[in-house]
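Enquirer: following is a predicted model, sequence given first.
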Amino acid sequence: MGRLASLALLCWSLRAARILNRKPHAAPLEVEVAPVEQKDVPVYGEWIATLDGMVNAEIKAQVTGYLLRQDYTEGSFVRKGQPLFEIDPRPFQRQLPGQKGSLHKQKVSCLKPTPGWRAPRRIRARPRST
């Protein structure tokens, strides 16, 4: 019986300790009550989002250079062939004489006969028989 009594005493003391460690219940929250009214209420919301257009064009430079100006406004409609930017022409103007010289040299080399080249025979015009 001594064991049973000590076991009961142990259980009772654990239960008492658990009851003492409990936090007190919080007081009930106050709730405001308003009379019901029927009226129009605007519905709105605020969201963080990113908008994409129906057609998104990625603009990539095909040449290098400094931009002098942008010929369109952001978000506006543009047409095919419409200039979008003006690039500084000075670097290209400096390269132009050298490129023209290179083009002329290539044209002349096409006109020179190469070794082993033979001119085609001229085909004589034959009179037509009627």
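Expert: Yep, that arrived. Numbers count the residues shown, from 1 in each chain.

Enquirer: where does the prediction get shaky in this protein?
Expert: 1, 16-24, 113-114, 116-130 (pLDDT under 70).

Enquirer: and the residue most central in space within the chain, which of the three is it?
Expert: Residue closest to the average C-alpha location in the chain (Cα atoms, centre = their mean): residue 58, at 8.2 Å. At residue 58 the chain is in coil, as set by DSSP: H, G, I helix; E, B strand; the rest coil.

Enquirer: do residue 101 as well
Expert: Note that with three-state DSSP, the state of residue 101 is helix.

Enquirer: neighbours of it, how many?
Expert: Counted with other Cβ atoms under 10 Å, the neighbours of residue 101 add up to 10. C-beta: built from backbone N, CA, C; applies to glycine.

Enquirer: separation between it and residue 83?
Expert: The spacing between residue 101 and residue 83, counted by Cβ to Cβ, to the nearest Å, is 29 Å.

Enquirer: what's the answer for residue 15, then?
Expert: 87 Å.

Enquirer: again, but for residue 70
Expert: Residue 70 is 10 Å from residue 83, by Cβ to Cβ.
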